[in-house]
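Engineer: generate a structure from the sequence data that follows.
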Amino acid sequence: MEVILDGQQRLTTLYLFTQNEIPPYYVERDIKYDPRHLYFNLETGEFLYFQPILMKNNPIWVEVINCFNPDNQINVFEIAKQSSPEGGDPFELAQKYNDNLTKLRNILDREYPVQYVPPDASIDDAIDVFDRVNSLGTKLTDAELALTHITGKWPRARRVLKDKIKELEELYFYFDLGFLVRCLVGIVKGRGLFETIHKTPENELKDGWDKLEKILPYLVAILPKHAFINSTEDLNSTNTLFPLVVYLSRNGNQFPNEKSLKNAIRWLYAAHIWGRYTGQTDQRLDFDVSIVDKNSEPWKDLIDAIIDQRGRIEVKPSDLEGRIIQHPLYRMLYILVKSNGAVDWLNGIPLDTKQTGLYSIHNHHIFPSSRLYKEGCYDSENQLHNKIVNEIANRAFLTADTNIKEISDKIPKEYFTEVKRKFPGALEKQLIPTDKNLWEIDRYEDFLRKRREMIAEKINDFMNQLLQESEVSRPMTLDDFINTGERSTIEFKSSLRWDIRNDRVNKELEKIIVKAVAGFMNSEGGTLLIGVMDEGQLFGIESDLKTLKKGNKDGFQQAIISLISDYLGTEFTKYTHIDFEEKEEKTVCKIKIERAPQPVFFRGSDGLKEFYIRAGNTTRLLDSRETHEYIQMHWEA
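Structural biologist: Model prediction:
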């Protein structure tokens, strides 16, 4: 047996063109981008993939595979006669076509130097030779070399890892091959150094991957809710997730209890804030994962390692002084405001969900830089002044629409009063000093000092709260739900069937209610409030009650149970608990929904089944492929 160590892609491409079949060292699923649909322009020598408008009925474009097929003779003179302009010389054109075609075919006559590794060498020996040869050019990184060793034993590893990366990107978590390879090293070898996995057999690699492919979706699901990390963009480095991955692999691929989860999150915040892996990355990762591998609860020892490195984990106001948005404390501030349930100051959109376009999240200068340079005696050419103007303490989080269109270059005293009127508490949720004297441009540095103190204090309190044992919490009231706002576990609906806009019964609204119930059952459960509008204003269910045969709470409850039974199935009614609460002479229906132990499908009138989940603060319909993958991940894993 011979193995191609280098030049494999080039040789494979040549094989596909000249033989028009997949080489014996591959199977069809390994060829993700098949080059055999490439076309060659006989006149210009240009290569392009098939384009109907350009190539249909145009004989000078020929398939590359036909250029090498002895059974498919390309008649350049006939093509020249068809494409030659009136009065032109077809023979001269045919000669040009033939020259270009010959030049293409002559690639088969080139000599390619071949160097052989001795037949008694192992795959690892062969890869070492490959690495030494490549070191003369662009040297492989440690991660690339480790992946080469992995694919030497498990050929489909690269494709499997890339597919998982693409899947997680759709959830806003962006990983690269290096991170996934490192995680595989940690799970399989209990180390942080890539080289330790080189000689690992295929069965151990696959066993490690079986754990990792469950751990990554678990982390992606748990971090937004418990750590307010909605994306890898909330972290300065994905390396901080590596010890968590290894820990989970030693604990059944999940956190064993709430205390362990909170301790892990506290360490994650500390590692992020203090840049645990910004220097000596490999050595520190290897050291930390050795702690994880030896301890059932490693978090205190891991915190101590950060203290040994940095002297403390508590944040002081001075740590924020002169720090700009590239510093980890900026992302930590974003995590904090999300944990506070912060909303946009003028349109009320929650800041804890991913938005695009007008409602994407911008970092906003509270005191506009243009006004500070113009009116605040700061010089844009002075590096120290630039740091003061662009400091983290002068940043808040708003949607693009509010930042660009509404606030623009206003200073706080010109718009904070409106914010307090429209969304009371919104400033406090972003740790903004409410002393109006500090909203003047001549008090800017006093504003910074005060906000630094508030941010540092909040970070420390937030992290210390993670050490406290959870108390048995009281049930959330209607006010609690409304103040919290819509999110993955809470949704507001103004009515069950009464169309407010058209002032009539609309039974399509009933289906929307049931789809929301299905979404909660297929996710983590939650609470659906009927009689509350999207913005949190009370509407009540009184209009609905007037349309029911039994126009009271019992009739309303029976109507909901019947809808769930009709559209989802009677067996799922037991996962809903219906209650009512009065406020301001209006009645609100509160439906507590449990996560279902099996997939829940909405049965439409046409007989088709639809599958819904919660995505942020909305209910989302999945297509058939997404449904299959989601069910495999959440019920069949």
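
Engineer: quickly find the element holding the residue positioned nearest the centre of the chain.
Structural biologist: Centroid check for the chain by C-alpha atoms, centre = their mean gives Tyr172 as the closest residue, at 1.3 Å. For Tyr172, there is no helix or strand it lies in under DSSP states H and E.

Engineer: how about the nearest residue to it, chain neighbours excluded?
Structural biologist: Nearest non-adjacent residue to Tyr172, counting by C-beta to C-beta, 6 or more residues apart in numbering: Ser231, 3.8 Å away. (C-beta placed from N, C-alpha, C; glycine too.)

Engineer: can you get me a residue count around the closest residue to Lys493 other than its chain neighbours?
Structural biologist: Counting by C-beta to C-beta, 6+ apart, Ile530 is the residue found nearest to Lys493 once chain neighbours are left out, at 4.9 Å. Residues lying near Ile530 (other C-beta atoms under 10 Å) number 26.

Engineer: quick one, phi psi at Ile530?
Structural biologist: Main-chain dihedrals, Ile530, degrees, to the nearest 10: phi -110, psi 120.

Engineer: ok, it to Ser523 distance?
Structural biologist: For Ile530, the distance to Ser523 equals 19 Å [C-beta to C-beta, to the nearest Å].

Engineer: Gly485 too?
Structural biologist: Look at Gly485 and Ser523: by C-beta to C-beta, they are 18 Å apart.

Engineer: quick one: list the elements packing against the lengthiest helix in the chain.
Structural biologist: Taking DSSP state H as the assignment, the helix of the chain that covers the most residues is helix 202-227. When contacts are defined as 3 or more C-beta pairs under 8 Å, 6 or more residues apart in numbering; DSSP states H and E, helix 202-227 sits against helix 142-153, helix 157-169, helix 177-189, helix 242-249, helix 258-273.

Engineer: just to revisit the earlier point, OK, contacts around the residue nearest to the centre of the chain?
Structural biologist: Tyr172 sits next to Asn230, Ser231, Thr232, Glu233, Lys354 when contact means C-beta atoms under 8 Å, 6 or more residues apart in numbering.

Engineer: burial of the last one, as a residue count?
Structural biologist: A count of neighbours around Lys354, defined by other C-beta under 10 Å, yields 15.

Engineer: what residues does Gly226 make contact with?
Structural biologist: Careful, residue 226 is His and not Gly. His226 sits next to Leu261, Lys262, Ile265 when contact means C-beta under 8 Å, 6+ apart.

Engineer: in a markdown table: the contacts of Tyr172, plus pLDDT, distance to Trp345 and secondary structure.
Structural biologist: Formatted as a markdown table, the contacts of Tyr172 follow (pLDDT from 0 to 100; distance: C-beta to C-beta, whole Å; DSSP: H, G, I helix; E, B strand; the rest coil):
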| residue | pLDDT | distance to Trp345 | secondary structure |
| --- | --- | --- | --- |
| Asn230 | 94 | 20 | coil |
| Ser231 | 94 | 22 | coil |
| Thr232 | 95 | 27 | helix |
| Glu233 | 93 | 22 | helix |
| Lys354 | 75 | 19 | coil |
